[in-house]
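In: Next input, structure requested:
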Amino acid sequence: MIDRSPGAARVERLAEDVFGYVQPDGSWFINNCGFVDAGGHSVLIDTCATERRTRALLTAVEDTSGPVSTLVNTHHHSDHTNGNYLVTGATVVGHRKTRAAMLADGIQRYDGVLVGNDWGDLELRVPEVVFDEWLTVYAGRTRIDLIHPGHAAHTTNDVLAWLPEQRVLYAGDLLFNGGSPFALMGSVAGWRAALDVIRELDPVLILPGHGPACDLSVVDTVDAYLEFVQRAAESGKAAGRSPLEQAKDTDLGRFAELSEQERLAGNLHRAYAELDGAGWGAEIDLVDALTDMLAYNGGPIRCFS
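Out: Below is the predicted model:
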């Protein structure tokens, strides 16, 4: 049996003064975070979905490199931001659209969609420092370039945290390692284009938003999955099938080994919209898409956060 408890999380050294906080098994709302030792204090990349997971994260960070002085959010999704309020004394940095999306959505608990969550007491805290394209922050002598790909991908507001000297990349949810990518709130085509940004950086080590640390081969896996979604959407549209009908009719093939297979139905909603001319990141009916994901799954989705 997989231990998904907060106690199963581990700190991994990625480079000198550079760390990953990896939470198994990377499924729904069990994300990775990162932190950089700034000499007596830390720069933290993302928080966790729940109160208890974020408290465990902050204890691990403080024990390793000191209290957090700066917190960076890689996008607005609540598994990466719900714990922001617990990072007292830190400045929160994120994309301008991350702040806007969090203010619009508030704390999301996905009642009726996800079951099994232990959220704890949560409060909304949004980025106080925002940027649009690029921002550099320093953790002591370590340079961290915050890069928005310029368009929607996993979401409209994804941020890569790139350490050029160490060639280490905190990819946020632009990469899933072992889980199905989820483009419902972004763009399938835009995500594929954003992967080229990662390829151009040419990192030697990547911490994805979910799953174990990896190399560039996972970029190719994510790209292949997204292309698979595009081809399935083209086939479904040509046959007159709905996204849900097409999802049920699609053989996942090599991608059957990825977890969260129900995301295919949501991804097809986004891919269908793009085939109909919707812009990357354009608003679509998320409730309809989530309803189809539940139908594909056969009911509410089990979550272990």
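In: Kindly list the main-chain dihedrals of the most centrally placed residue in the chain?
Out: Centroid-nearest residue in the chain: Asp173, 2.6 Å away (criterion: C-alpha atoms, centre = their mean). The phi and psi values for Asp173, taken as degrees, to the nearest 10, are phi -90, psi 20.
In: Distance-wise, check Asp46 relative to Tyr296.
Out: The spacing between Asp46 and Tyr296, counted by C-beta to C-beta, to the nearest Å, is 28 Å. (C-beta placed from N, C-alpha, C; glycine too.)
In: More neighbours: the two, which one.
Out: Neighbours were counted for Asp46 and for Tyr296 using other C-beta atoms under 10 Å; Asp46 has more, 30 against 19.
In: Tell me who's in contact with the more buried one.
Out: By C-beta atoms under 8 Å, 6 or more residues apart in numbering, the contact list for Asp46 reads 31-34, 71-74, 80-81, 172, 209.
In: Mind checking which of those residues land in strands?
Out: 33-34, 71-72, 172, 209 (DSSP state E).
In: Wait, Glu262 touches Asn297, no?
Out: Yes - Glu262 lies in contact with Asn297 (C-beta atoms under 8 Å); the separation is 4.1 Å.
In: the helices in the stretch 151-300 of the chain, which residues?
Out: 188-201, 217-239, 243-249, 263-275, 286-297 (DSSP state H, counting those that start in this stretch).
In: quick one, which of these is packed in tightest?
Out: Compared across the helices of the stretch 151-300 of the chain, helix 263-275 shows the largest average neighbour count, a mean of 25 (mean count of other C-beta atoms under 10 Å).
In: Counting by contacts, list what that one packs against.
Out: Other elements packing on helix 263-275 under the criterion 3 or more C-beta pairs under 8 Å, 6 or more residues apart in numbering; DSSP states H and E are helix 188-201, helix 217-239, helix 243-249, helix 286-297.
In: coming back round to it: tell me which of the helices of the stretch 151-300 of the chain lies nearest to Ala104.
Out: Ala104 lies closest to helix 286-297 among these, at 12.5 Å (C-beta to C-beta).
In: which strands and helices sit next to that closest one?
Out: Right, helix 286-297 is packed against helix 243-249, helix 263-275 by 3+ C-beta pairs under 8 Å, 6+ apart.
In: and the residue nearest to His95 when sequence neighbours are not counted, how far is that from Tyr85?
Out: Distances taken as C-beta to C-beta, 6 or more residues apart in numbering put Asn157 closest to His95, at 4.2 Å, once the chain neighbours are dropped. Distance of Asn157 to Tyr85, computed by C-beta to C-beta: 19 Å.
In: Looking at these two, which is more packed in?
Out: Asn157 (28 against 18).
In: what sits against that one?
Out: Asn157 is in contact with 75-76, 94-98, 101, 148, counting by C-beta under 8 Å, 6+ apart.
In: Please apply the same query to Gly94.
Out: 72-73, 76, 126-127, 129-130, 157, 159 are the contacts of Gly94 under C-beta under 8 Å, 6+ apart.
In: Check these and tell me the two furthest apart.
Out: Greatest spacing in the contacts of Gly94, by C-beta to C-beta: His76 and Val129 (15.1 Å).
In: just curious, which of the contacts of Asp46 is nearest to Leu135?
Out: Val72 (9.1 Å).
In: Can you tell me which of the contacts of Asn157 are buried?
Out: 75-76, 94-95, 97-98, 101, 148 (16 or more other C-beta atoms under 10 Å).
In: who's the closest residue to Thr64 other than its chain neighbours bridged to?
Out: Of all residues not flanking Thr64 in the chain, Val11 sits nearest, at 5.7 Å (C-beta to C-beta, 6+ apart). Per DSSP bridges, the residues bridged to Val11 are Tyr21.
In: Relative to Ala161, how far out is the nearest residue to Ala232 once chain neighbours are set aside?
Out: Taking C-beta to C-beta, 6+ apart, and ignoring the residues beside it in sequence, Ala232 has Thr250 as its nearest neighbour in space, at 4.9 Å. Counting by C-beta to C-beta, the gap from Thr250 to Ala161 is 34 Å.
In: more neighbours, these two?
Out: Ala161 (24 against 20).
In: that older thread, could I get the helices and strands packed on helix 263-275 as CSV with distance to Phe304 and mean pLDDT?
Out: Listed next are those as CSV, based on distance: least, C-beta to C-beta, whole Å; pLDDT from 0 to 100:
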stretch, distance to Phe304, mean pLDDT
helix 188-201, 25, 98
helix 217-239, 22, 98
helix 243-249, 23, 98
helix 286-297, 15, 98
